[in-house]
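**Q** 3D, please:
(one chain, ligands or ions: 1)
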Amino acid sequence: MSISLPSTGVGPALVQPGLLGIEPSFGFGDRLGFATPGHLLALQEAGGAIRGIFAQQSIREMTRTNRTATEVMAAASDALSAAGFSDPWGADADHLKTQDDVRQTMAAGFVFFTLDPSGDVDQQADNYAPAELATRFEACKPFTPWLDAYRGKTVRFASGEIVFDEPTLARAAVKYGKAIQTTIALGRFVQEEAARLSKPCELELSVDETEQPTTPAEHYLIADQLRAAGVRLVSLAPRFEGDFEKGVDYKGDIKSLERSLRFHAEIAAEMGPYKLSLHSGSDKISMYRLLSRATEGRFHVKTAGTSYLEALRVVARCDDELFRRIIDFSRGCYDRDKATYHVSATLADAPPQAEVADPVELERQYLERWEDVPAGAGFTAPGRQILHCTFGSVMTDPELGAAVKDVLLGNHSSYSEVLRDHFVRHLDPLREG
Ligand SMILES: [Zn+2]
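**A** Predicted coordinates:
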């Protein structure tokens, strides 16, 4: 399958982001504010088959880098305007948890709002023994007035049947009951604020940053409840099965993932249609074709940290001494900073910089990409994970943060070139499906 989208052709620069609906889209998070020209080169090389979300930061990322939503928006729209870009593009206020998050990002011009109720997801629901599950099921009944509507119900999809027997319903209610309530409240708030202020908005729901996979039954129930409450999703990021670590390929049973992607895609088509969204989406090379095919092009992929890592590649090549200071500093804060990320690297997995004299080898140890490794050679990238988690500490360090920005300003075209190269390899398999 090959995807193509109409182009609006050459015209005046469209500096405002807009709604992308269920067109295939790719989120290029840019934590430093210098990456949009490179992101645009990659997207254009992919032939305009996929829409770009060029402004995309979570509240957590903006807090860690001391940036405002307005600055994030301006970095993207100024770069697109300077390039004369006139196709539709998106702006994703990622991982929103509160009404205040929504107000801030809507005021800055964001139009795609990612609701994140993961704080209200019971992350251990799949592990409870029957007695414990029963107790918790009882406790969540105040949030789940809808239970009787599903009890004993069977829903048929091409991939299989969803049977709402008592254990399935209990686990779904315990895992997501409170989160559904939170999502409905925040989703309605976004829609009402947008209507009140005459602003465009579209909604994604993400539960990707939780421990246990979202089953088809749970996906169906969440989507059905949001729809009944008038919360209109354009995209949903389930917690897919397997491991989605930062900066490395998918870890898990790829055949089983493919079956489950198809099932989730059928539910998304029936209950929306809305897109299936993949977060922590950089470097998941073994998944892109599967996602594109299973969803028949109704997908969204989010990346963010990978553009920071490519910025460090420019540092590694232009200023070896600075790169070494960043490695020392990052190793010093990794064990603290990794707490909110899904990574498996330990400091022992990558050598201290002082033990690696050769700059090329040092770049390989800390920034190796799947593109550089033969297929099947076991790409684990511990150095990349160490640098990935510590971006906030580096960029808010007065000396290091300013030095990284200076290198990027002085080597802007090198940065754009490494980004173009890296992202074309993500976009091609998505586009070709
Ligand atoms: Zn996410």
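**Q** Let me know the secondary structure of residue 231.
**A** What DSSP: H, G, I helix; E, B strand; the rest coil gives for residue 231 is coil.
**Q** Who are the contact partners of the closest residue in space to it that isn't next to it in sequence?
**A** In this structure, residue 231 finds its nearest non-sequential neighbour in residue 187, 3.6 Å apart by CB to CB, 6 or more residues apart in numbering. Yep, even glycine has a C-beta here, placed from its N, CA and C like the rest. Contacts for residue 187 were tallied using CB atoms under 8 Å, 6 or more residues apart in numbering; they are 115, 203, 205, 226, 229, 231.
**Q** what's the answer for residue 52, then?
**A** When contacts are counted by CB under 8 Å, 6+ apart, residue 52 touches 25-26, 28, 39-40, 43, 89-90.
**Q** same deal with residue 239?
**A** Residue 239 sits next to 207-214 when contact means CB under 8 Å, 6+ apart.
**Q** switch the cut-off to 6 Å
**A** 207-208, 210, 213-214 (CB atoms under 6 Å, 6 or more residues apart in numbering).
**Q** and the residue in the stretch 1-150 of the chain that the ion sits nearest to, which of the three is it?
**A** Among the residues of the stretch 1-150 of the chain, residue 95 lies nearest to the ion; the distance is 5.9 Å by CB to the ion. With three-state DSSP as the basis, residue 95 sits in strand.
**Q** In this structure it contacts residue 116, no?
**A** Yes: the criterion here is CB atoms under 6 Å, and residue 95 meets it with residue 116 at 4.3 Å.
**Q** Up against the ion, what does the protein have?
**A** Contact residues (CB under 5 Å from the ion) of the chain with the ion: 208, 279.
**Q** What segments of the chain are strands?
**A** Secondary structure of the chain (DSSP state E): strands located at 25-28, 51-58, 90-96, 112-115, 154-157, 160-163, 202-206, 233-237, 275-278, 299-303.
**Q** can you tell which of the ones you listed is closest to residue 175?
**A** Closest approach to residue 175 among those is made by strand 202-206 (14.2 Å; CB to CB).
**Q** returning to what we had before: ok, residue 95 and residue 116, which is more surrounded?
**A** Ranked by neighbour count (other CB atoms under 10 Å), residue 95 and residue 116 place residue 116 first, with 28 against 21.
**Q** While we're on residue 249, how confident is the model there?
**A** Residue 249 is assigned 89 on the pLDDT scale.
**Q** list the contacts for it?
**A** 283, 285-286, 370, 379.
**Q** same deal with residue 178?
**A** 120, 143.
**Q** Excluding covalently adjacent residues, which one is nearest to residue 124?
**A** Counting by CB to CB, 6+ apart, residue 124 lies nearest to residue 211, which is 7.0 Å off, once chain neighbours are set aside.
**Q** Can you give me the pLDDT of the one you found?
**A** At residue 211, the pLDDT value in this model is 87.
**Q** close enough to count as contact, it and residue 121?
**A** No: between residue 211 and residue 121 there is no contact under CB under 6 Å: 8.5 Å.
**Q** quick one: low-confidence ranges for this protein?
**A** For the chain, the stretches with pLDDT under 70 are 1-14.
**Q** Dump stretch 164-171 to PDB, keeping only the CA atoms.
**A** Provided in PDB are the C-alpha atoms of stretch 164-171 (Å, rounded to 0.1, in the frame of the first residue of the first chain):
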ATOM      1  CA  PHE A 164     -17.500  -8.800  28.200                       C
ATOM      2  CA  ASP A 165     -17.600 -11.600  30.700                       C
ATOM      3  CA  GLU A 166     -17.300 -10.700  34.400                       C
ATOM      4  CA  PRO A 167     -13.400 -11.000  34.700                       C
ATOM      5  CA  THR A 168     -12.900  -8.900  31.500                       C
ATOM      6  CA  LEU A 169     -15.300  -6.300  32.700                       C
ATOM      7  CA  ALA A 170     -13.800  -6.200  36.200                       C
ATOM      8  CA  ARG A 171     -10.300  -5.800  34.900                       C
END
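**Q** Going by neighbour count, which residues of that stretch are buried?
**A** Within stretch 164-171, the residues that count as buried by 16 or more other CB atoms under 10 Å are 164, 168-171.
**Q** on that earlier part again, most surrounded residue in the contacts of residue 52?
**A** Counting neighbours by other CB under 10 Å, residue 28 leads the contacts of residue 52 with 29 neighbours.
**Q** Tell me if I'm right that it and residue 39 touch.
**A** Yes: if you go by CB under 6 Å, residue 28 and residue 39 touch, sitting 4.0 Å apart.
**Q** list the contacts for the closest residue to the ion within the stretch 251-400 of the chain?
**A** Closest residue of the stretch 251-400 of the chain to the ion, CB to the ion: residue 279 (3.2 Å). When contacts are counted by CB under 6 Å, 6+ apart, residue 279 is found next to 208, 237, 302.
**Q** what about the closest residue to the ion within the stretch 101-250 of the chain, how many residues close to it?
**A** Taking CB to the ion, the ion has its nearest neighbour within the stretch 101-250 of the chain at residue 208, 4.5 Å off. Around residue 208 sit 23 other residues, with neighbours defined as other CB under 10 Å.
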